[in-house]
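[1] have a look at this prediction, sequence included:
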Amino acid sequence: MKSYSSYKNSGMEWIGKIPNDWNRTFIKNLVDIKITDGPHLTPKWIDNGIPFLSVESIQNSKIDFSKRRGDILLEDHIEYSKKCKPILNDILLVKSGSVGKLCIVETEIEFNVWSPLCLIRINKKGLPKYYYYFFHTKYFQILLKLNCGINTQPNIGMGVIENLKVIIPPKETQSQIVSFLDTKTQKIDELIEKTEKKIELLKEKRTSLINHCVTKGLNPNVEMKDSGVEWIGEIPSGWDLIRLKYLFSLEGGKGPKNIQEDDGQYPILGTGGEIDRGSDFLYDKPTLLLGRKGTIDKPFLFEEPFWVSDVMYYTIQKKDVTPKYLFLLFKLIPFEYFKYGSTQPSMSRLDYESMLFPIPPLKERSLITEYLDEQTQKIDTTIEKETQRIGLLKEYRQSLISEVVTGKIDVRDYNEKVMK
């Protein structure tokens, strides 16, 4: 791709040179209404009212109304709209928490937003979509982060935002840039979406393969019997159904207060993995860790000495079923059948100990483990490659936007070439 014919210094270190007929200004000079945020008060929620959105409603630079906080009364919407009423082509920018996350309003549906979102309405001097792309550049995102204050979380004031510098290409050039980026980013996004679907299918294939092997075995012609357990179904006739308490004992974790050290030798584990370091350990053999409170549907293996907090159980092997094989068996468990507690899901020791698992003879178990190790490794390798591909596509997307909207690449004759 070609460059513009001549450049000048932009006066902005983070952008560098810009084309000669481009200018720079402050964001406040591109808006007719002062940048504002949504109301700071929590509204009353109702069913089937006006959608009320916050940060989580911005997904992949789009508004996802399914993730709205709730609905509000029409009269509340009218009252809140006196402060902030988003309309078509407004830019919504997160100013607190996930600072820099943004979207452009592409709907005429009426809705309100909460205070972490601020509204930028570009006037006739610029095209909203051009500045939507400009705000996505790594340069502008860095500028936002550098100007953030820190309280309990990063935040940037609207007075700071309006005084950030941006560049102004000729309006016709803005239009050509938008047309080019709309086309190119759509193609990139379609590739990303296709790759994400492929990864999901691979993960489903992996889960299905494990579930089949640990309930049906490797011999497709083996005689089957009913397990009597809904989510297990039929199992080979030579297999046993055994409760967890006969295979492993469960030990509860302990509060780590007395052993916590910043440079401790041993990891302190919670339901999401390592949460701190400690000077001592509770257990030093391979184990399957099971959630007791909070995140209960993500058991994980651990093979090094560790301390575990009281929100988890660790397992101690009793028979020849290994923690690794038990981990495979836990892929079968529909945790929604067991968990209790609406605000913080929990699993009792009795819930775990009474779980039934299909157990094949030792030799067959070894063959299943070996086969699954080989097959899941192949799937995992493919998932990793596809995940890396998504990362590269996203990097290319942001790099392309940055290069085009800051004038490093001239795309003005792109539409003409496409038409030819």
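    Here it is on my side, so go on.

[2] when you work out contacts or count neighbours from here on, use the C-alpha atoms and nothing else.
    OK.

[3] where does L329 sit: helix, strand or coil?
    Following DSSP: H, G, I helix; E, B strand; the rest coil, we place L329 in the helix state.

[4] number of nearby residues for it?
    L329 is flanked by 19 other residues according to other C-alpha atoms under 10 Å.

[5] mind listing what it touches?
    Listed by C-alpha atoms under 8 Å, 6 or more residues apart in numbering, the contact partners of L329 are 211, 214, 357.

[6] which secondary structure element is home to the residue nearest to D37 when sequence neighbours are not counted?
    The shortest distance from D37 to any non-neighbouring residue, by C-alpha to C-alpha, 6 or more residues apart in numbering, is to C118 (3.9 Å). Applying DSSP states H and E as the criterion places C118 in strand 117-120.

[7] what pairs with that strand, parallel or antiparallel?
    Strand pairing for strand 117-120, determined by DSSP bridges: strand 36-37 (antiparallel), strand 91-94 (antiparallel).

[8] just name the most buried of those.
    strand 91-94 (a mean of 24; mean count of other C-alpha atoms under 10 Å).

[9] how far does the helix or strand following it sit from its chain's centre?
    Once strand 91-94 ends, the next helix or strand along the chain (criterion: DSSP H and E) is strand 102-104. Distance of strand 102-104 from its chain centroid, counting by C-alpha atoms, centre = their mean, to the nearest Å, is 17 Å.

[10] when you give positions from now on, start the count at 57
    Yep, numbering from 57; the last one is strand 158-160 now.

[11] which elements pack onto strand 158-160?
    Other helices and strands packing on strand 158-160, by 3 or more C-alpha pairs under 8 Å, 6 or more residues apart in numbering; DSSP states H and E, are strand 118-119, strand 147-150, helix 184-192.

[12] mean pLDDT and distance to K354 for those - can I get that in CSV?
    Listed next are those as CSV, based on pLDDT from 0 to 100; distance: least, C-alpha to C-alpha, whole Å:
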stretch, mean pLDDT, distance to K354
strand 118-119, 93, 30
strand 147-150, 96, 31
helix 184-192, 96, 34
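
[13] one step back: let's have the strands paired with strand 173-176 in JSON lines, adding distance to E420.
    Shown next, in JSON lines, are the strands paired with strand 173-176 (distance: least, C-alpha to C-alpha, whole Å):
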{"stretch": "strand 92-93", "distance to E420": "63"}
{"stretch": "strand 147-150", "distance to E420": "55"}
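
[14] of the ones you listed, which approaches S113 most closely?
    Ranking these by proximity to S113 (C-alpha to C-alpha) places strand 147-150 first, at 10.9 Å.

[15] who's in contact with the closest one?
    111, 155-161, 172-177, 184, 188.

[16] can you pick the most crowded of those?
    When neighbours are taken as other C-alpha under 10 Å, the top entry among the contacts of strand 147-150 is I176 (29 neighbours).

[17] please tell me how far that one sits from N277.
    I176 is 66 Å from N277, where distance means C-alpha to C-alpha, to the nearest Å.

[18] so N179 makes contact with I83?
    No. Counting by C-alpha atoms under 8 Å, N179 sits too far from I83 to count as a contact (10.4 Å).

[19] tell me which of these two has more neighbours.
    A count of neighbours by other C-alpha under 10 Å puts I83 above the other of N179 and I83, at 19 against 13.

[20] and the pLDDT at the more buried one?
    pLDDT, I83: 95.

[21] isn't it right up against E218?
    Yes. With contact defined as C-alpha under 8 Å, I83 and E218 form a contacting pair (4.9 Å).

[22] which residues are in contact with T443?
    When contacts are counted by C-alpha under 8 Å, 6+ apart, T443 touches 251-252, 255.

[23] rewinding a little: ok, and what's touching the strand holding C174?
    The contact list for strand 173-176, computed with C-alpha under 8 Å, 6+ apart, reads 87, 91-94, 110-111, 140, 142, 146-152, 214.

[24] number of residues surrounding D407?
    Neighbours of D407 under the rule other C-alpha under 10 Å: 12.

[25] can you check the one 4 residues further on too?
    Residues contacting M411 under the criterion other C-alpha under 10 Å number 16.

[26] so it sits against L300, correct?
    Yes. Taking contacts as C-alpha under 8 Å, M411 lies within contact range of L300: 5.6 Å.

[27] break down the stretch 57-206 of the chain into its helices, ranges please.
    130-136, 184-192, 194-202 (DSSP state H, counting those that start in this stretch).

[28] name the single longest helix found in the chain.
    Looking across the chain with DSSP state H, the single longest helix is helix 227-272.

[29] picking up where we left off before, tell me which of the helices and strands packed on strand 158-160 lies nearest to L382.
    Between L382 and the helices and strands packed on strand 158-160, the tightest spacing by C-alpha to C-alpha is seen for strand 118-119, at 41.3 Å.

[30] now the closest one: how far from the chain's centre is it?
    With C-alpha atoms, centre = their mean as the basis, strand 118-119 stands 15 Å off its chain's centre.

[31] name the helices or strands packed onto it?
    Checking 3+ C-alpha pairs under 8 Å, 6+ apart, strand 118-119 ends up next to strand 158-160.

[32] who touches the strand it packs on?
    With C-alpha under 8 Å, 6+ apart as the test, strand 158-160 has contacts from 114, 117-119, 145-150, 184-185, 188, 192.

[33] got these as CSV, with distance to H133 columns?
    What follows is these, written out as CSV (distance: C-alpha to C-alpha, whole Å):
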residue, distance to H133
I114, 20
S117, 24
K118, 21
I119, 18
N145, 19
D146, 17
I147, 19
L148, 17
L149, 20
V150, 20
P184, 24
K185, 26
Y188, 26
H192, 29
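
[34] follow-up on the earlier one: of the contacts of L385, which is the nearest to R421?
    Once C-alpha to C-alpha is applied, the member of the contacts of L385 that ends up nearest R421 is V270, at 8.4 Å.

[35] for that closest one, which non-adjacent residue is closest in space?
    Leaving aside its sequence neighbours, V270 is closest to L385 (6.5 Å, by C-alpha to C-alpha, 6+ apart).

[36] residue ranges with poor pLDDT in the stretch 57-206 of the chain?
    Applying pLDDT under 70 to the stretch 57-206 of the chain picks out no residues at all.

[37] between the strands paired with strand 173-176, which one is nearest to G72?
    Closest among the strands paired with strand 173-176, using C-alpha to C-alpha: strand 147-150, at 24.5 Å.

[38] how far does that closest one sit from the chain's center?
    The answer for strand 147-150 is 19 Å, by C-alpha atoms, centre = their mean.
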